[in-house]
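Participant: sequence first, then the predicted structure:
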Amino acid sequence: MEIVMSVAIGLLLMAAVYLMLSKSLIRIIIGTGLLSHGAHLLLLTMGGLGGTAPPVVADGVTVGDYADPLPQALILTAIVISFAVTSFFLVLAYRAYQELGTDNMELLRGTEDYE
Amino acid sequence: MSNLLLFPVVIPLIFAAILMLFPKKLHMQRTVAIAGVVATLASALILFSKVNSDGVQAVTLGSWPAPFGISMVSDMFSVLLVLSSTIVTLFVLFYSIPTIGVKREQSFYYPAVLFLMTGVNGAFTTGDIFNLFVFIEVLLMASYALIVHGGEKPQLRESIKYLLVNIISSALFVSAVAYLYSVTGTLNMADLAVKIPQIEAVGILTVIAVLFLVVFGFKAAIFPLYFWLPGSYFAPPMAILALFGALLTKVGVYAIMRTYTLFFTMNTGFTHELLAIIAILTILAGCVGALAYFDVKKIIIYNIIIAVGVILFGISQMNAAGVEGSIFYLVHDMLIKAALFLLVGILTVIFGTSDLRKMGGLIKSYPLFGWTFLVAAFGLAGIPPLSGFPGKLLIVQGGFEGTHFWGSLVILATSLLVLLSVVRIFIYAFWGEPVKIVTIDRKHYLSMFVPTAILVALTVFLGAGAELFMPFISDAGEVLLNPSLYIDAVLKE
């Protein structure tokens, strides 16, 4: 199962990098979403996927029987953060499109004379 | 168990939440914001005296025993940084009242500053690597809001890039935490320091150490990863820029210093060598930028990068002189960078431009301002009685005692370039033919100049009274060089 997860993470990150290298801002934002999903799945997989028993100390339940609860708690935090950042990014992209009239990163390059 | 160390994190959070209730009431906003920062400063001072008398303070949230609960740890090093970041925020707040503009003030400027302070103080205080990620995200979120605050065209354009770079580095941070967790099975920094020496697979830990260097390097703007900084920091108004220049990169530097002294010490021959080389390259790259531009903002922005290199070179030596020098230089740099940005801010207001070639002859009309600027410039370059000197001296000494004497030589040589880059501002702006200046009334000028001058005076005091501060600095260095002090304080609660 861990192997399948690793391949899935690899595909997610690959798609993320491909999308983030494009010129259109909205594709870049979708790319960053995929990137953080890849990182979150990586965090889950790195803790070991484990078994199905609840992580409660009881008779006959050993460490191998339950999934490590810590990565799940960490992912919950990381997902909330990436959700907030993505929504901020979407609003920023919309405002920038309104103000600057383009979503093409080529045209958003900074120049020396800002004023 | 002492809850005292949570106050510098919680007080700004509470005040920021209160401030969000009445965004349009200008006077209330200013008073409550300043009251919040003053209260934070008071709590940081109490914490400082507590740490000074009783040693490292630690608290574990929810009273779970240490490796399981989230630890917050305050040693001398972190409390010094909390104290200086709070002082910087206070002065920047005083400076931003006359400069930031009513429109910005009425749309949640002060809450964003206080949230930024929550994140910065939290990142300095936390003792858990995932919690460090959370606090860095808190401060980044506030910085996203501040960098785009006002919504001018260059701000919108540059904040997209700033946001993108930080999202990518955050994803890398989560991945690095995942790898570290899979190898060690813990995320508590003190527990990591115990477990990492027991692991035989040094290779994988070295990879993780370098990955963390990349992650923190994005925040700290080290050599190949500083490309986003000059553009992004150019966009926001001066007060926000001063806050960013003084605090944000320093969080990355702090994180590198903490991780590379506390637990990534299993393969110093590779990791610290790499850090030393990158630090030197960072200094050189910063110098090129600082000398290349005729724009006062750009010159000081590139000086941030130089300072990051100097501090990291000190820490890469891992000896008493180098580490103490780094700590002193870090505190000095927070104060002097904020002061310089505020001074340059007054310059741009007076001339109405940030282009050096359009300035000149200001010394006749503003003599006091001119001399204050000169003192700050000398302080930055490390002219002896001023605050840059003791830190740089110790760092250079650390390099000579360690294996990197060539690095010390580079730092000495580039000090001259730093001096040249800031004195160039002085020569262009204050000497030569007077040019037409924007007339600003006395009261407005003083409200900008007084907090800046006090900040410069503080840095002079820090340098001239270095003897007074050295016991605290060596205390802080003691904890970094002797991780067992830190580990015992957290795990033997």
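Facilitator: Yep, it's here.
Participant: quick one: contacts for the residue nearest to residue A:106 when sequence neighbours are not counted?
Facilitator: Once flanking residues are discounted, residue A:106 sits nearest to residue A:23: 5.5 Å by C-beta to C-beta, 6 or more residues apart in numbering or on different chains. Heads up, the C-betas are built off the backbone N, CA and C, glycines and all. Residue A:23 is in contact with A:104-106, counting by C-beta atoms under 8 Å, 6 or more residues apart in numbering or on different chains.
Participant: which one of these is nearest to chain B?
Facilitator: residue A:105 (8.1 Å; C-beta to the nearest C-beta).
Participant: rewinding a little: just the buried ones from the contacts of residue A:23?
Facilitator: Among these, those classed as buried by neighbour count (16 or more other C-beta atoms under 10 Å in any protein chain shown) are residue A:105.
Participant: make CSV from the contacts of residue A:23 and add secondary structure to it.
Facilitator: Converted to CSV, those look like this (DSSP: H, G, I helix; E, B strand; the rest coil):
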residue, secondary structure
A:104, strand
A:105, helix
A:106, helix
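Participant: and residue B:177, what does it touch?
Facilitator: If a contact means C-beta under 8 Å, 6+ apart, then residue B:177 has A:43, A:74, B:129-130, B:133, B:187 as its contacts.
Participant: can you name the next helix or strand after the stretch of helix or strand residue B:243 belongs to?
Facilitator: Per DSSP states H and E: residue B:243 is located in helix B:238-262. Of the helices and strands lying after helix B:238-262 in sequence (DSSP H and E), the nearest is helix B:268-292.
Participant: who touches residue B:137 in this structure?
Facilitator: A:81, A:85, B:119, B:170.
Participant: what number of residues lie near the last one?
Facilitator: In this case it means residue B:170. Counted with other C-beta atoms under 10 Å in any protein chain shown, residues neighbouring residue B:170 total 25.
Participant: just the pLDDT at the residue lying closest to it once chain neighbours are set aside, thanks.
Facilitator: Taking C-beta to C-beta, 6+ apart, and ignoring the residues beside it in sequence, residue B:170 has residue B:137 as its nearest neighbour in space, at 6.6 Å. You'll see residue B:137 listed with a pLDDT of 95.
Participant: could you do residue B:1 as well?
Facilitator: So residue B:1 comes in at 59 (pLDDT).
Participant: same check on the one 5 residues further on?
Facilitator: The predicted local confidence for residue B:6 comes out at a pLDDT of 92.
Participant: ok, so of the contacts of residue B:137, who is nearest residue B:208?
Facilitator: residue B:170 (16.8 Å; C-beta to C-beta).
Participant: where does that closest one land in three-state SS?
Facilitator: Quick answer, by three-state DSSP: residue B:170 is helix.
Participant: what about the closest residue in space to residue B:133 that isn't next to it in sequence, which helix or strand?
Facilitator: Nearest residue to residue B:133, sequence neighbours excluded (C-beta to C-beta, 6+ apart): residue B:173, at 5.3 Å. Here residue B:173 sits within helix B:153-184, counting by DSSP H and E.
Participant: and that helix, what's buried?
Facilitator: Neighbour-count burial for helix B:153-184 [16+ other C-beta under 10 Å]: B:154-184.
Participant: sorry, back to before: the contacts of residue B:177: which two are farthest apart?
Facilitator: Taking C-beta to C-beta as the measure, these have their most distant pair in A:43 and B:129, spaced 12.4 Å apart.
Participant: measure the residue nearest to residue B:170 to residue B:455 for me?
Facilitator: 29 Å (C-beta to C-beta, to the nearest Å).
Participant: next: residue B:2.
Facilitator: According to C-beta to C-beta, residue B:2 and residue B:455 sit 31 Å apart.
Participant: just want to know which of the two has more residues nearby.
Facilitator: residue B:455 (27 against 13).
Participant: which residues touch the more buried one?
Facilitator: Contacts of residue B:455 (C-beta under 8 Å, 6+ apart): B:88, B:91, B:335, B:338-339, B:342.
Participant: if we use 10 Å, what do you get?
Facilitator: Residues in contact with residue B:455, defined by C-beta atoms under 10 Å, 6 or more residues apart in numbering or on different chains, are B:87-88, B:90-92, B:94-95, B:242, B:246, B:335-336, B:338-340, B:342-343, B:372, B:376.
Participant: gap between the single nearest residue of the stretch 1-150 of chain B relative to chain A and residue B:118?
Facilitator: Nearest residue of the stretch 1-150 of chain B to chain A: residue B:137, at 4.8 Å (C-beta to the nearest C-beta). The gap separating residue B:137 from residue B:118 is 12 Å, by C-beta to C-beta.
Participant: now swap in residue B:408 and tell me
Facilitator: 38 Å.
Participant: what do residue A:43 and residue B:129 both touch?
Facilitator: Common neighbours of residue A:43 and residue B:129, using C-beta under 10 Å, 6+ apart, are B:177, B:181.
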